[in-house]
Every structure is written in C-alpha cells, then in structure tokens.
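J.: no letters, just coordinates:
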C-alpha cells in the first residue's frame with residue numbers, strides 16, 4: 001500500500017515537472033490571437049426617403 005502511494009506521488013510530481021518544463025520553453029500563445037481589423041462606419045440614405053441608417057464593414 002505504501003509503495004503504491006509513493007509511486008503515484010512520483011508520477012504526479014514528474015507530470016508536473018514535464019508540464020511546467022515545457023511551458024517554460026514554449027512560446028506564449030497569446031501574442032496575436034486574431035489579426036486586428038479596421039471598422040469603417042458609413043451613414044447611408046435611401047432614395048426618396050428622409051431615413052438614414054448606419055452600416056459598418058471590417059477590413060483586415
């Protein structure tokens with residue numbers, strides 16, 4: 001019983017070292033998740049109407 005607890009503890013410690021060690025050398029994943037986009041907003045009026053509405057488009 002005691003031997004299996006020691007082995008399980010060693011496995012947990014080794015797994016922590018492997019995961020922690022690889023995260024030290026891996027580049028951060030949050031450098032640029034999505035490219036920045038530029039939003040262009042335009043006011044559009046319909047013909048023969050006094051109503052206007054906003055439209056937007058995104059450019060990469």
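T.: Received the coordinates, thanks. Since the structure is predicted, the reported quantities are computational estimates derived from the model, not experimental observations. Numbering: from 1, shown residues only.

J.: next one: the strand or helix carrying residue 3 to chain centre, how far?
T.: Counting by DSSP states H and E, the element that carries residue 3 is helix 2-25. With CA atoms, centre = their mean, to the nearest Å as the basis, helix 2-25 stands 28 Å off its chain's centre.

J.: quick one: average pLDDT of that helix?
T.: Average pLDDT, helix 2-25: 85.

J.: just stretch 48-56 next, same as before
T.: In this model, stretch 48-56 has an average pLDDT of 74.

J.: for that stretch, which positions count as buried?
T.: Neighbour-count burial for stretch 48-56, counted by 16 or more other CB atoms under 10 Å, picks out no residue. Just so you know, the C-beta spots here come from the backbone N, C-alpha and C atoms, and that holds for glycine as well.

J.: what lies in contact with it?
T.: For stretch 48-56, the surrounding residues in contact (CB atoms under 8 Å, 6 or more residues apart in numbering) are 39-46.

J.: make CSV out of those residues and add secondary structure.
T.: What follows is these, written out as CSV (DSSP: H, G, I helix; E, B strand; the rest coil):
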residue, secondary structure
39, strand
40, strand
41, strand
42, strand
43, strand
44, strand
45, strand
46, coil
